[in-house]
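Asks: curious how this folds, go ahead:
(one chain, ligands or ions: 2)
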Amino acid sequence: MQGNFSYYNPTKLYFGDESLNFLKDELKGYGPVVMLNYGSGSVKRNGIYDQVVAILREAGKTVVENPGVMTNPTLEKLNEGVKIARENDVDLILALGGGSVCDYSKAVAASVFYEGDYWDKFWLRQENPPEGQKLLPVGCVLTMAGTGSEMNAGTVITDASINLKMGHVFDSRLMPKFSILNPKFTMTVPENQMKAGIYDIMNHIMEQYFSDFDDNTSDYLSEGLMRSVIHSSRIAVKNPQDYEARSNIMWTATWALNTLVGKGKQQDWMVHMIGHSVGAWTHAPHGYALASVSMAYYRRAMKNGLPKFVRFAKNVWNISGEGVSDEQTAEKGLEALKQWMLEIGLPLTISELGATDDMIAGITETTVVYPAGYLNLTKEDITEILKESM
Ligand code: NZQ
Ligand code: ZN
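Replies: Residues are numbered from 1 along each chain as shown. Ligands and ions are numbered 1, 2, ... in the order given. Down below sits the predicted model:
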């Protein structure tokens, strides 16, 4: 195992169909004013909002509501949330929703007490809040599995005026203080979002797995997580109400991106960079945008990363590799990935998401590119990948 690293994850998790019961005790640790961030109304329709607000009221909290956090939250909405938090002397931010609401809540938490231009500092310049700057604590009640935002310091914000979707992973100060993961809450997630979340999980693991060639415990953990999500996804697409499958998907999502399986790894993340840009232009669900460019990307990466792609084929997809070349084994692994994506109903092209030929220059332009994984791409390569993904 190469590299030197630290591992610290301060997020306390409550998992299971009774996990919301722990919210009341958690709330004791925070002051009286709770900012409640949520999305476009699903939590009101499925009753989770009522349950959470009842607990907040019982705990004597003043609830400052901030609804309307959209999927792929915008800078404009961030500005609105920062203003609300500043005006109301908020003590705790409670995110009630999926990755978008969790990400957004961390973004507000980082920005409320920053006096300068927080978009420029945190997202454009990729810096962290200065030491000693006050940060608001964040708690999450997660309603959708996928991003891992419930146990990481990632925040993805879009400047919609220029279609620029920027992620920033803050330091551990911005990790949620606690997250409540009730798999039953995910049962009402629309089918397309469930599938998008499943691919997001798979791709988070792949982004970390497809780098380096050393023997690393992280890769063995990743292979187990990938096998679990493939297995559970097949059950969940047939029967979305299968609690066992949905609970495994939720738990896998958390471990796929709570920094553990990236330890000692260079990591890749270029599918995410291209996917973010596709998402900003097409407004596709995050996981769909990733799926749509993955095959073209991994076929390229396979050439430089052959031993790892052979291992992926054998250990994740049970391909024997006997009697064929390494290239053929690796290709069979990618073919198995593709067949699984088709089986669960993921888009394999960006045109399915509404991308048109005249968008390719713009999507290329807003893709953040850096040397990563097994590739050192140029902007021309990004254009080629997008064309191959049409
Ligand atoms: O708006 P609401 O009403 O909340 O509806 C949401 C939204 O329309 C709906 N939904 C969520 N839970 C539901 C539900 N509908 C019915 N029942 C429920 N229980 O699903 C839709 C999608 O929700 P969203 O939160 O946008 O999805 P997701 O969890 O995939 O989050 C996507 C965002 O996370 C970012 C993405 O870029 C994107 O902005 N990411 C964050 C990461 C991180 N923090 O580390 C990493 C990821 O790679 C990703 O980039
Ligand atoms: Zn993702």
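Asks: who's in contact with D91?
Replies: By Cβ atoms under 8 Å, 6 or more residues apart in numbering, the contact set of D91 is 30-34, 136-137. (Each C-beta comes from the backbone N, C-alpha and C, glycine too.)
Asks: Throw together a PyMOL command that grabs the buried residues out of those.
Replies: In PyMOL syntax, the buried subset of these is picked out as below (16 or more other Cβ atoms under 10 Å):
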select buried, resi 30+34+136+137
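Asks: just put the contacts of D91 in CSV and tack on distance to ligand 1, secondary structure and pLDDT.
Replies: Conversion of those to CSV gives the following (distance: Cβ to the nearest ligand atom, whole Å; DSSP: H, G, I helix; E, B strand; the rest coil; pLDDT from 0 to 100):
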residue, distance to ligand 1, secondary structure, pLDDT
Y30, 22, coil, 98
G31, 25, coil, 98
P32, 26, coil, 98
V33, 22, strand, 98
V34, 18, strand, 98
L136, 17, coil, 98
P137, 17, coil, 98
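Asks: out of the contacts of D91, who's nearest N163?
Replies: Lowest distance from N163 to those (Cβ to Cβ) belongs to L136, with 28.9 Å.
Asks: find the closest residue to ligand 1 in the stretch 151-300 of the chain.
Replies: G154 (2.7 Å; Cβ to the nearest ligand atom).
Asks: that residue pairs with what?
Replies: Judged by DSSP bridges, the bridge partners of G154 are V169.
Asks: so what's it up against?
Replies: G154 is in contact with 103, 106, 147-148, 167-170, 257, counting by Cβ under 8 Å, 6+ apart.
Asks: before we move on, back to that, turn the contacts of D91 into CSV, columns for distance to A330.
Replies: Shown next, in CSV, are the contacts of D91 (distance: Cβ to Cβ, whole Å):
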residue, distance to A330
Y30, 50
G31, 55
P32, 58
V33, 55
V34, 51
L136, 47
P137, 45
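Asks: write out the residues of the stretch 151-300 of the chain neighbouring ligand 1.
Replies: 152, 154, 156, 167, 185-186, 188-190, 193, 197, 200, 257, 272, 286 (Cβ under 6 Å from any ligand atom).
Asks: in stretch 257-274, what's buried?
Replies: Buried residues in stretch 257-274, counted by 16+ other Cβ under 10 Å: 257-265, 267-274.
Asks: so of these, which ones are in helices?
Replies: When these are checked against helices (DSSP state H), the matches are 270-274.
Asks: so which residues make contact with stretch 271-279?
Replies: Contacts to stretch 271-279, defined as Cβ under 8 Å, 6+ apart, come from residues 72, 156, 163, 165-167, 203, 206-207, 284-286, 289-290, 292-294, 297-298, 350, 353, 355, 363-364, 366-370, 382, 385-386.
Asks: and for stretch 8-23?
Replies: With contacts defined as Cβ under 8 Å, 6+ apart, stretch 8-23 is touched by 26, 51-52, 55, 139, 141, 150-151, 172, 175-184, 243, 247, 250-251, 254, 258-260.
Asks: pull out the buried members of the residues you listed.
Replies: For the contacts of stretch 8-23, buried by 16+ other Cβ under 10 Å: 26, 51-52, 55, 139, 141, 150-151, 175-184, 247, 250-251, 254, 258-260.
Asks: just to revisit the earlier point, of the contacts of G154, grab the buried ones for PyMOL.
Replies: A single PyMOL command selects the buried members of those (16+ other Cβ under 10 Å):
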select buried, resi 103+106+147+148+167+168+170+257
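Asks: would a markdown table of the contacts of G154 with distance to Y38 and pLDDT be doable?
Replies: Formatted as a markdown table, those follow (distance: Cβ to Cβ, whole Å; pLDDT from 0 to 100):
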| residue | distance to Y38 | pLDDT |
| --- | --- | --- |
| D103 | 13 | 98 |
| K106 | 15 | 98 |
| T147 | 16 | 98 |
| G148 | 19 | 98 |
| G167 | 22 | 94 |
| H168 | 22 | 97 |
| V169 | 23 | 97 |
| F170 | 22 | 98 |
| L257 | 22 | 98 |
